[in-house]
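Undergrad: When you get a sec, could you give me coordinates for this:
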Amino acid sequence: MREAWHTNNKKTYIIPQDLTKEEIENHKQIAKKGTFLCPYCKAKLYVKSGEIHGNYFSHLHSESCEESKKSDARHSQYEKQKKSDSSRHPQILAMMFDELDVLSKVYPHLSNSYGYLNPEFTKFIPDISLKINEHIYAITIVTNITSLTDATKAKNIEKQREYYTALGYDPLFFIERSNLGIDIDKQSLVLWASEKEALTIQNADENWMSFLSNLAPVNELQEVLNLPYTDLNVKSIMYITPADQEIAIEAFHVVEHPNTSPVKVHFLSKPYKLNFSQAFKLANDILTLANLQIELENQSKYSEKFRQAKHIYQEEQKEKEQQVKIDTEHKRKSAEEKSRIYREGFKNNTYNTLDKENKVDRLKKMFNSNK
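TA: The predicted model follows:
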């Protein structure tokens, strides 16, 4: 097992896998002195290390208790689940977990643990299980999306989201930022299928939907701002910076384009970076995952953008209407001219009235002679 109760620090300790030989020996020594206990049965634990299992804790004679066996099974399931992730994943996870540990000291009602330590998860295991009073989250970091891994990852994310939701958890997916792709219009993202499945609706998205509905009717927004012709269901996609940079989160508020391949989504405002203390602020025990002040400023800018675009749109419509009138008048005059020319041609035609009278007289004579 990877976890143990540290008797002096009074908290769960996860044994690192990158220990040096000296550090491993030191862990073994303090374990012999009773530093580590089983979190489940409180038995004394020993430290072992090997090429196959890495660094781990063990009961005396490897006689594990039932709960620790279940924990080992969850960890094995988790390892299989994360097999296709990149080598950067553990580093990003460690930094996120450390940040949440700090927040738990600021917010006593917030607690976090590694997903495999939560016995509720069996079928799928998130990276982190987070609890804020009664509100619970299942957090997953997604890395190493390629053309070869995308389809499988997308299906797994879909299943995970359904599974976590059924358990009462709010699923959150953070995509490694190296997968971010902005389209050439500079107002849309091109997504892997995995990224599409990672879209979620956060409080900030609901605020955007309310804002848009109060700004103008949907069809007017679509015409004026060239928004996708679909329901304006705003969602978030959240990116997390790579492990070699200062950890930060960027959230795009997006509307999906229908029937696009690859998937394309229109983002409503430029994203901004948030450190964890900013992103994980709480509002009614719910993570904000946004800077509310910046969100209000962005919506104000969006209102101004709409006002200017609407003015331009109305002017263009006036020009089009004027052009239609000009074209209609031109067609009317053209039709009149054609009619005049036709009448003139008919008037000057050799087939005149005298010809008609002569033909009538000849017909009468022929008729009378036949009689």
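
Undergrad: in the helix or strand where N156 lies, what counts as buried?
TA: Assigned by DSSP states H and E, N156 falls within helix 150-166. Across helix 150-166, burial judged by 16 or more other C-beta atoms under 10 Å covers D150, K153, A154, N156, I157, Q160, R161, Y163, Y164. The way it works is simple: take the backbone N, C-alpha and C, and place the C-beta from them, glycine included.

Undergrad: residues in contact with the fifth one?
TA: To tie it back to what came earlier, the one meant is I157. By C-beta atoms under 8 Å, 6 or more residues apart in numbering, the contact set of I157 is T140, V142, F173, S194, E197, A198.

Undergrad: from those, which is closest to P16?
TA: Minimum separation from P16 among those (C-beta to C-beta) is found for T140, which lies at 21.6 Å.

Undergrad: so the closest one sits in a helix?
TA: No. Per DSSP: H, G, I helix; E, B strand; the rest coil, T140 lies outside any helix segment and is strand.

Undergrad: Look at it and say how many residues are nearby.
TA: Counted with other C-beta atoms under 10 Å, residues neighbouring T140 total 24.

Undergrad: OK, contacts around it?
TA: Contacts of T140 (C-beta under 8 Å, 6+ apart): P126, D127, I157, Q160, P171, L172, F173, F174.

Undergrad: hmm, try it at 10 Å
TA: Counting by C-beta atoms under 10 Å, 6 or more residues apart in numbering, T140 touches 81-82, 93, 115, 124-128, 156-157, 160-161, 164, 171-175, 198.

Undergrad: can you redo the contacts of I157 as JSON lines with distance to N214?
TA: Putting these into JSON lines (distance: C-beta to C-beta, whole Å) gives the following:
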{"residue": "T140", "distance to N214": "34"}
{"residue": "V142", "distance to N214": "34"}
{"residue": "F173", "distance to N214": "29"}
{"residue": "S194", "distance to N214": "34"}
{"residue": "E197", "distance to N214": "30"}
{"residue": "A198", "distance to N214": "28"}
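
Undergrad: Tell me the one among these nearest to Y13.
TA: Nearest to Y13 out of the contacts of I157 is T140 (C-beta to C-beta; 23.2 Å).

Undergrad: quick one: that closest one and I125, what's the gap?
TA: As judged by C-beta to C-beta, to the nearest Å, T140 and I125 stand 9 Å apart.

Undergrad: Touching both of the two, which residues are there?
TA: Residues touching both T140 and I125 (C-beta under 10 Å, 6+ apart) are Q81, K82, G115, Q160.

Undergrad: Let's see the helix or strand that the helix holding N156 is followed by as CSV, backbone CA atoms only.
TA: Downstream of helix 150-166, the next assigned helix or strand under DSSP H and E is strand 170-176. The C-alpha trace of strand 170-176 is given here as CSV (Å, rounded to 0.1, in the frame of the first residue of the first chain):
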residue,chain,number,x,y,z
ASP,A,170,-19.3,17.1,-9.5
PRO,A,171,-16.7,15.9,-12.1
LEU,A,172,-14.0,18.4,-13.0
PHE,A,173,-11.5,17.7,-15.9
PHE,A,174,-8.3,19.8,-16.3
ILE,A,175,-6.6,19.5,-19.7
GLU,A,176,-2.8,20.0,-19.9
